[in-house]
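K.L.:
requesting a structural model of the entry that follows:
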Amino acid sequence: MNASSRLWLALGLVPALLAGCGTPVAPATPAPATPAAAAAVPLPSTPITKGAALVNPGFESTRPGPRGDPEGWYSFQHAGDRSYRFVIDTAQPRSGERSLRIDNIGPEPYGAVAQIIEGTPHAGKLARLTAWMRTRDANDNGAVLTLLVLQSGATLAQNFMLDTPVKGTTEWTRYTITLPVAKGADRVEVGAMMRGKGSLWLDDVEVEFITP
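P.N.:
Residues are numbered from 1 along each chain as shown. Sure thing, here's the model as predicted:
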């Protein structure tokens, strides 16, 4: 078992797609809110690639994905009884007409959404994930952005904002996390996770790849 796998197991945060123990959650459906400090990440002044365009980054599309998730995204939770609800919310989006909301409704420790990007063209670069989040009563382990680098299904590295989760009730705030894309990586996964009680809103997600 590699170090990354041990970390997943210790945190109890093994995504369904990676470990096969998660539980798909019901499709997102249309629905009738003290700011947190955004993460400040110093970055080199080097070329940035924006070619890895995300599908439906602002959750404006009304077309469902293959499982009924928002187009371009997939949702999952820790294995067990349904504990998270994923909703396309038209109330108070950060921009446009919609955002994604994740509500905790049961005992399982996390529920998340993610999108997969082909990693091979970006191997050796620095991935930078930026998104806007707001929260309501996030009083357990909080809300986080998620960034993973994988090779043949194995996690090479991850950044889940474990040292700076968003807690309590917050307004729309822009967050940024980064992670090197190891050579040999074939997949990058980006998303957000609600860990325990409360609600998380997500909007205006962006990924960039910085060449060293």
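
K.L.:
skipping its backbone neighbours, what lies nearest residue 180 in space?
P.N.:
Excluding the flanking residues, the one nearest residue 180 by Cβ to Cβ, 6 or more residues apart in numbering is residue 126, at 5.6 Å. C-beta: built from backbone N, CA, C; applies to glycine.

K.L.:
quick one: that neighbour and residue 212 touch, right?
P.N.:
Yes - with contact defined as Cβ atoms under 8 Å, residue 126 counts as touching residue 212 (6.9 Å).

K.L.:
for those two, indicate the residue with more neighbours.
P.N.:
residue 126 (19 against 9; other Cβ atoms under 10 Å).

K.L.:
hey, what's that one bridged with?
P.N.:
Under the criterion DSSP bridges, residue 126 forms beta bridges with residue 180, residue 210.

K.L.:
for it, give me the pLDDT.
P.N.:
Per-residue pLDDT puts residue 126 at 97.

K.L.:
ok, it to residue 177 distance?
P.N.:
Computed as Cβ to Cβ, to the nearest Å, the residue 126 to residue 177 distance reads 11 Å.

K.L.:
cool, residue 113 as well?
P.N.:
15 Å.

K.L.:
the two: who's more crowded?
P.N.:
Comparing residue 113 with residue 177 by other Cβ under 10 Å, the one with more neighbours is residue 113, at 27 against 20.

K.L.:
can you verify the more buried one is assigned to a strand?
P.N.:
Yes - assessed with DSSP: H, G, I helix; E, B strand; the rest coil, residue 113 lies in a strand.

K.L.:
would you confirm that it contacts residue 189?
P.N.:
No - counting by Cβ under 8 Å, residue 113 stays clear of residue 189, with 10.4 Å between them.

K.L.:
this structure: helices as residue ranges?
P.N.:
Taking DSSP state H as the criterion, the chain contains helices spanning 3-11, 16-19.

K.L.:
report the mean confidence score over the shortest one.
P.N.:
The average pLDDT for helix 16-19 rounds to 35.

K.L.:
and the spatially closest residue to residue 168 that is not a sequence neighbour, what pLDDT?
P.N.:
Of all residues not flanking residue 168 in the chain, residue 138 sits nearest, at 6.2 Å (Cβ to Cβ, 6+ apart). Note on residue 138: pLDDT of 97.

K.L.:
repeat for residue 9
P.N.:
The model reports residue 9 with a pLDDT of 36.

K.L.:
name the helix or strand of the protein that has the lowest mean pLDDT.
P.N.:
When the helices and strands of the chain are scored by mean pLDDT, DSSP states H and E, helix 16-19 comes last with a mean of 35.
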